[in-house]
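# need the 3D shape of this:
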Amino acid sequence: MITFYIVTLFPELITAYTATSIIGRGIRNERIAVETVNPRDFCADRYRKVDDSPYGGGAGMVLKPEPFFAAVESIEGWSEAPRLLTSPQGQPFKQSMAEEFSKEPKLIIFCGHYEGFDERICSLATHEISLGDYVLTGGELAALAIIDAVGRLIPGVLGKSMSLAEESFNDGLLEPPQYTKPAEFRGMNVPDVLRSGDHKAVSKWRRAESLKRTLERRPDLLNALDLSEEDKRLLNDAATRQKF
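Predicted coordinates for the structure are as follows:
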């Protein structure tokens with residue numbers, strides 16, 4: 001069981017998504033909980049003002065520290081939980097991070113808006129996380145991606161552990177091609193090996209295709225792997241075919 005606390009000015013964006021599909025099922029089965037905390041509820045002024053103009057001038061508005069500190073500090077046990085601040089300046093989010101966070105009982109995620117956070121808010125975070133080298137209008141999409149990636153790793157959420165074991169990035173490689181019925185569609189055929197019933201041959205084919213796909217699409221991933229001699233042979237065969 002993991003509880004996500006999302007500090008957001010737009011809680012409806014979070015609840016609309018997390019009520020559906022696999023994450024929604026995980027919530028209904030009490031494997032996951034998602035709570036939203038709105039900094040506006042902690043504003044002392046009548047207008048519930050959460051932003052202000054930046055010192056030194058510049059375009060846009062900056063999120064104020066007071067309501068964000070109060071919002072985070074309202075979460076029981078907040079100081080002991082990983083606290084993720086979504087930011088294009090952060091560390092790229094990876095599968096290994098999702099696996100690490102899935103072991104925690106609670107996770108706190110801050111969603112930014114406007115021209116970003118007052119720098120003092122960043123002192124609350126244990127991690128700054130980015131989905132990639134681009135800028136979104138708000139941090140809710142990034143928070144939802146993290147919820148989804150982490151939540152599906154919680155035991156009992158997906159239902160089939162094998163589907164986790166064979167996914168892209170779990171062993172550092174991309175997932176091999178997948179097929180279902182019919183065996184032939186518009187001249188495109190399911191590889192014979194997948195229909196052979198030979199599990200050893202199927203396993204070998206999938207490994208080879210996984211290596212081949214990673215070489216073609218994400219060769220950078222191969223540099224970090226400790227490949228077996230058989231993997232190296234399969235990879236060499238794939239590289240040779242790629243040249244022709």
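
# and the nearest residue to residue 217 once chain neighbours are set aside, how many neighbours?
The shortest distance from residue 217 to any non-neighbouring residue, by Cβ to Cβ, 6 or more residues apart in numbering, is to residue 174 (6.2 Å). Backbone N, C-alpha and C define where each C-beta goes, glycine included. Taking other Cβ atoms under 10 Å as the neighbour definition, residue 174 ends up with a count of 19.

# and residue 174, helix, strand or coil?
When classified by DSSP: H, G, I helix; E, B strand; the rest coil, residue 174 comes out as coil.

# touching, it and residue 220? I think so.
No: under the criterion of Cβ atoms under 8 Å, residue 174 makes no contact with residue 220, lying 11.4 Å away.

# what sits closest to residue 136 if chain neighbours are left out?
Setting aside the residues directly before and after it, residue 136 is nearest to residue 142 in space (Cβ to Cβ, 6+ apart), at 6.6 Å.

# buried residues in the longest helix anywhere in the chain?
In the chain, taking DSSP state H as the definition, the longest helix is helix 199-217. Of the residues in helix 199-217, those scored as buried under the neighbour-count criterion (16 or more other Cβ atoms under 10 Å) are 205, 206, 207, 208, 209, 210, 211, 212, 213, 214, 215.

# doesn't residue 234 make contact with the last one?
No: Residue 215 lies out of contact with residue 234 (Cβ under 8 Å); the separation is 9.9 Å.

# now do the phi/psi pair for residue 125.
Note on residue 125: backbone dihedrals following degrees, to the nearest 10 are phi -80, psi 150.

# can you tell me which residues contact it?
Contact criterion Cβ atoms under 8 Å, 6 or more residues apart in numbering gives 83, 84, 85, 110 as the residues in contact with residue 125.

# now, those residues that are in helices?
Using DSSP H, no member of the contacts of residue 125 falls in helices.

# give me the phi and psi angles of the nearest residue to residue 195 once chain neighbours are set aside.
On the basis of Cβ to Cβ, 6+ apart, the spatially nearest residue to residue 195 that is not a chain neighbour turns out to be residue 183, at 6.5 Å. Note on residue 183: backbone dihedrals following degrees, to the nearest 10 are phi -70, psi -30.

# same deal with residue 237?
The main-chain torsion angles of residue 237 are listed as degrees, to the nearest 10 and equal phi -60, psi -40.

# give the contact list for the closest residue to it other than its chain neighbours.
The spatial neighbour of residue 237 that comes closest, neighbours along the chain excluded (Cβ to Cβ, 6+ apart), is residue 208 at 7.5 Å. In this structure, residue 208 makes contact with 234, 237, 238, judged by Cβ under 8 Å, 6+ apart.

# and the lengthiest strand in the chain, what other elements does it pack with?
In the chain, with assignment by DSSP state E, the single longest strand is strand 83-92. With contacts defined as 3 or more Cβ pairs under 8 Å, 6 or more residues apart in numbering; DSSP states H and E, strand 83-92 has these neighbours: strand 106-110, strand 127-130, helix 140-151.
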